[in-house]
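> Take this sequence and fold it.
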Amino acid sequence: MQRRSFVLGATALLGATTLAAHAATPTPAALPVLQVWKDPNCGCCKDWIGYLQRDGFQVQVFDTGNTAMRQRLGLPVQYGSCHTALIGGYVVEGHVNAREIRRLLAEKPAAIGITVPGMPVGSPGMDGPEYGGRKDPYDVLLVLRDGSSRVYQSYHRG
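Have a look, this model is predicted:
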């Protein structure tokens, strides 16, 4: 009888742990709306937005440029790119992968947000046929509240 109680208790604990771990990762329905500020004529910004929408993100677009919004949100200029986004209170600057946005929302670090500075070829939105399959290495940076940064994820493909 004790063994049966132990097995049933362990099974219940395992199920609860699995549910808790699954609940910590935002699902598409649970994701906040991603607001994006970009130039109305930027094709790579449109491609990045399409990539995120296909990945389950709801996107609200402002075709007003992004420099003023980046400054307003407190992201230092050296981390800039061609579009600025805001989701869940975090800045997402440039061609950031959906996986890192989801990770940011799940981990909730004490940070301004994440960025892929510049416009690296091969990053989401910079990976169309016009680039001939080229994939340059790049880093997704976590920008801390003091303006410093650290590598959040590296994409070093050959």
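> where does the residue nearest in space to the middle of the chain land on pLDDT?
For the chain, Ile101 is the residue whose C-alpha lies nearest the centre (CA atoms, centre = their mean; 1.9 Å). The predicted local distance difference test score for Ile101 is 98.
> In three-state terms, label it for me.
When classified by DSSP: H, G, I helix; E, B strand; the rest coil, Ile101 comes out as helix.
> How about it, nearest residue that isn't a chain neighbour?
Val92 (5.8 Å; CB to CB, 6 or more residues apart in numbering). From N, CA and C alone the C-beta is placed, and that goes for glycine too.
> so the one you found sits in a strand?
Yes: Val92: assigned to a strand according to three-state DSSP.
> all helices of the protein, in order?
Assigned by DSSP state H, the chain shows helices spanning 2-24, 43-54, 67-72, 98-107.
> Just give the number of residues close to Gly50.
Using other CB atoms under 10 Å, Gly50 has 13 other residues around it.
> no, scratch that, I was asking about Arg99
12.
> now swap in Gly89 and tell me
11.
> For it, list the residues it contacts.
Not one residue lies near Gly89 by CB atoms under 8 Å, 6 or more residues apart in numbering.
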